[in-house]
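**Student:** this is the structure alone, sequence omitted:
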């Protein structure tokens, strides 16, 4: 479908032939992101936790976009990982009675996000030249979102479980990415 769309746009003169691969990649990522997000939100809806799912998915995407983290090797593996993460995060609803536990988990997630502010996939090594500004952007985003969550949840903590889950899962994604990417990069450096 994506190839047909791209080839049709090339035939109509909207896309230059030499940019075909770039557009294929862009359309692929766009359609996958939309499709997978809809699936995740439908899971939240089916479990009667739609707004909790919106919070978890939105924050996770924000943290992944600004600071990186684990990325699966295929769309299917990514979707399955996201589904498992969402289900685990939605399971935090059972901790709603213990706000202090949720605050501790939120704190752990925040510490992880600050400890690993930028975890770049090896395919994004070209961004190493911008590492410092990207790290600062990630830290500012984390600080801003932490402040919003704390301010919102001091008096009204209906979704504290969702915020705690999103911060913790995002922090764990950064750790997983760091561990996996270090394993991939170090052997490649030894080959050179």
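**Tutor:** Okay, I see it. Because the structure is predicted, anything quoted here is derived from the model rather than measured.

**Student:** give me the neighbour count for residue 4.
**Tutor:** Residue 4 has 8 neighbours, counted by other Cβ atoms under 10 Å. (C-beta placed from N, C-alpha, C; glycine too.)

**Student:** tell me the confidence at it?
**Tutor:** pLDDT, residue 4: 83.

**Student:** that one belongs to a helix?
**Tutor:** Yes: per DSSP: H, G, I helix; E, B strand; the rest coil, residue 4 lies within a helix segment.

**Student:** which elements pack onto the longest helix seen in the chain?
**Tutor:** Assignment by DSSP state H gives helix 160-191 as the longest helix of the chain. Counting contacts by 3 or more Cβ pairs under 8 Å, 6 or more residues apart in numbering; DSSP states H and E, helix 160-191 is packed against helix 50-67, helix 75-90, helix 99-115, helix 131-155.

**Student:** looking at these, which is nearest to residue 11?
**Tutor:** Nearest of the helices and strands packed on helix 160-191 to residue 11, taken as Cβ to Cβ: helix 75-90 at 26.6 Å.

**Student:** pLDDT on that closest one, on average?
**Tutor:** If you average the pLDDT over helix 75-90, you get 93.

**Student:** residues in contact with that helix?
**Tutor:** With contacts defined as Cβ atoms under 8 Å, 6 or more residues apart in numbering, helix 75-90 is touched by 32, 36, 39-40, 43-44, 47, 49, 52-53, 56-57, 60, 70-72, 162, 165-166, 169, 173.

**Student:** isn't residue 159 right up against residue 50?
**Tutor:** No: in this structure, residue 159 is not within contact of residue 50 by Cβ atoms under 8 Å, at 11.4 Å.

**Student:** which of those two has more residues huddled nearby?
**Tutor:** Taking neighbours as other Cβ under 10 Å, residue 159 and residue 50 compare with residue 159 leading, 21 against 14.

**Student:** so for that one, what's the nearest residue that isn't a sequence neighbour?
**Tutor:** residue 55 (5.7 Å; Cβ to Cβ, 6 or more residues apart in numbering).

**Student:** ok, the one you found to residue 177 distance?
**Tutor:** 22 Å (Cβ to Cβ, to the nearest Å).

**Student:** what of residue 70?
**Tutor:** Where residue 177 is concerned, residue 70 sits at a distance of 4 Å (Cβ to Cβ).

**Student:** can you pull the residues that touch both of the two?
**Tutor:** residue 119.

**Student:** give me the low-pLDDT residue ranges for this structure?
**Tutor:** The chain contains residues with pLDDT under 70 at 185-192.
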